[in-house]
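[1] coords below, sequence missing:
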């Protein structure tokens, strides 16, 4: 995901965003029994109150292996197809479907409950109709094709459907090219409660078919920049697999989903398309918990897929694309190009940001992330990631800065553990174009030890915060400090650091307006505020000098090695004493450098 690439969306009617890097030229593609009975009334010796009248719930039975009978059981069903039972059902009816495979499309336009009585597969026809309900018109020139089409009246909650225990299987040709293909579609302000159900085979073959259709479960659909055909859903312990584009998409302002205990599995490395596991987009909201998302990887090098999060197209496990309030917790996201990705305030044909844009953080908590390239990628907007374990891949957390962002990226990472990255534990990737919006990143009480090739790397000119963290060694980070832990780049506030992996202690600093030391591996700090301080390394050891907001004098040693960080604002003097070390001016243009030819000076 990242800079010069594009969030790769599906066709022009729904929105299966293929992920990539930052969005560039994108297309919005569809990925995206009867009657009432009265209970008996008990009459006492003296006049009493009549018992309440309780309507019974009609139950209809369906079997395609037994001839229709009395509609009382699988041995004596009333209907031979689910569609016939739906046509006969009254609102609120329960339809029990007996074991078997039913080759049909289901059009559901009223409140009903579908329960599997045995192993039941609903298999869509090879040439599905695209006019089951009025909601199919959302697809425009490519009307929706669905195996299960749930279409409400437009009144939120007026149609509420429950589905339990089914397998819903698509049957499209392997090379179909239609952007409006869905295993289950929930539109017209309907609500779906679905559990213990598998949705599979939506769209073409994701390993060979590069068209951008095929979404397992579509909840709501943005139909223009300011309008949506909404839907809501509660999905519990469901499985979504063998989809062409997205496993689950929740789309459009007013649409929402609660997704719990659900497993979404992509096809693995595809040379044809960039799949996504779960997408929440265009103002929709969602809570995702206890779920597992894996197998979304793109190897389509001709289509721009690749390992560079900032410039290549990539697939995402969980993609928040212009979403409303969204939380992801206690879930495992592994074996994808990117684990989780968030981009907000991105204007395109199917979303117009509010003005002024109110940033609502997308929140990731207690996740297990182990993905191929980046475990967590954050573009413009607010993102928080907390108490999560990020392992392997190339980058643990990556934040983007690039020309054209309309909102500053803001990332807050707290109490996370990042291990085994072949590149950076945390990377701020920037195109370094003048006028880029400032980025903010705070990583605190987190661990990025030496199992990562690099610790925190900042390519932007914004100042990052990585304080009270464990760098893998009690001496703190290496490179731009004297420690032996994982490395830190310039323009990162890293002091104080944790001195043990349990965060029970933190590095100390000797503070004062006139402080010198001949010791090694120590830190001297200017006092907080704008007082002028004199800090000096007088010995042969390694010393870190940290200025503050005053006009500070930071003096290195001719024999030791000194790391000097200037405060801002201020007119600081860096005297290197012709020794060696590292200097960060932190953007001050009025600083003076003396005797620093042997020092590495960070760009400011």
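    Received, thanks. Predicted model only: the values in this text are computed from it and were never measured.
[2] rest of the way, CA atoms for contacts and neighbours
    Noted.
[3] if you go through the chain in chain order, where are the helices?
    Counting by DSSP state H, the chain forms helices over residues 82-88, given from the N-terminal end onward.
[4] Low-confidence stretches in it?
    1-56 (pLDDT under 70).
[5] so residue 444 touches residue 415, yeah?
    Yes: A contact is recorded between residue 444 and residue 415 when judged using Cα atoms under 8 Å, the distance being 6.5 Å.
[6] Pick out whichever of these two has more residues nearby.
    Neighbour comparison, residue 444 and residue 415: the larger count goes to residue 444, with 21 against 17 (by other Cα atoms under 10 Å).
[7] Which residues are in contact with that one?
    If you count contacts by Cα atoms under 8 Å, 6 or more residues apart in numbering, residue 444 has them with 413, 414, 415, 465, 466, 467, 468, 469.
[8] so it bridges to which residues?
    Legend: beta-bridge partners of residue 444 under DSSP bridges are residue 414.
[9] now swap in residue 506 and tell me
    Here residue 506 sits in beta bridges with residue 498, as judged by DSSP bridges.
[10] residues touching it, list them.
    When contacts are taken as Cα under 8 Å, 6+ apart, residue 506 is in contact with 468, 496, 497, 498, 499, 500.
[11] from these, which two are the most distant?
    The largest separation in the contacts of residue 506, counting by Cα to Cα, is between 496 and 500 at 12.2 Å.
[12] farthest pair in the contacts of residue 444?
    Pairwise distances across the contacts of residue 444 peak at 13.9 Å for 415 and 465 (criterion: Cα to Cα).
[13] what about residue 102, distance to residue 73?
    With distances defined as Cα to Cα, to the nearest Å, the gap from residue 102 to residue 73 amounts to 17 Å.
[14] related to what we said a few turns ago, of the contacts of residue 444, which is the most crowded?
    For the contacts of residue 444, the largest neighbour count, defined by other Cα under 10 Å, is 29 neighbours, found at residue 469.
[15] if we can go back for a sec, could you dump the contacts of residue 506 to TSV with distance to residue 460?
    As requested, the contacts of residue 506 are exported to TSV (distance: Cα to Cα, whole Å):
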residue	distance to residue 460
468	22
496	22
497	22
498	25
499	28
500	29
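[16] from these, which is closest to residue 90?
    Nearest to residue 90, judged by Cα to Cα, of the contacts of residue 506 is residue 468 at 62.4 Å.
[17] Now do the contacts for the closest one.
    Taking Cα under 8 Å, 6+ apart as the definition of contact, the neighbours of residue 468 are 444, 445, 446, 494, 495, 496, 497, 498, 503, 506.
[18] Likewise for residue 416?
    Shown here is residue 416, whose contacts under the criterion Cα under 8 Å, 6+ apart are 385, 386, 387, 388, 389, 390, 445, 446, 447.
[19] which of these has the most neighbours?
    Per-residue neighbour counts (other Cα under 10 Å) across these peak at residue 390, which has 28 neighbours.
[20] Run a quick check on that one versus residue 373, I expect a contact.
    No: the pair residue 390 and residue 373 does not pass the contact test of Cα under 8 Å, sitting 11.5 Å apart.
[21] I'd like the contacts of residue 416 as a markdown table, with distance to residue 229 appended.
    Rendered in a markdown table, the data for the contacts of residue 416 read as follows (distance: Cα to Cα, whole Å):
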| residue | distance to residue 229 |
| --- | --- |
| 385 | 31 |
| 386 | 33 |
| 387 | 36 |
| 388 | 35 |
| 389 | 37 |
| 390 | 36 |
| 445 | 43 |
| 446 | 42 |
| 447 | 44 |
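[22] More neighbours: residue 102 and residue 73, which one.
    When neighbours are counted by other Cα under 10 Å, residue 102 comes out ahead of the other of residue 102 and residue 73, with 21 against 18.
[23] So the more buried one sits against residue 122, correct?
    Yes: assessed by Cα under 8 Å, residue 102 is found in contact with residue 122 at 4.9 Å.
[24] I'd like to know how far the closest residue to residue 305 other than its chain neighbours sits from residue 276.
    If you skip the residues right next to it in sequence, residue 305 has residue 313 as its closest partner in space, 4.3 Å away by Cα to Cα, 6 or more residues apart in numbering. Summarising the geometry, the distance separating residue 313 from residue 276, computed by Cα to Cα, is 12 Å.
[25] Counting neighbours around each, name which of those two comes out higher.
    residue 276 (38 against 34).
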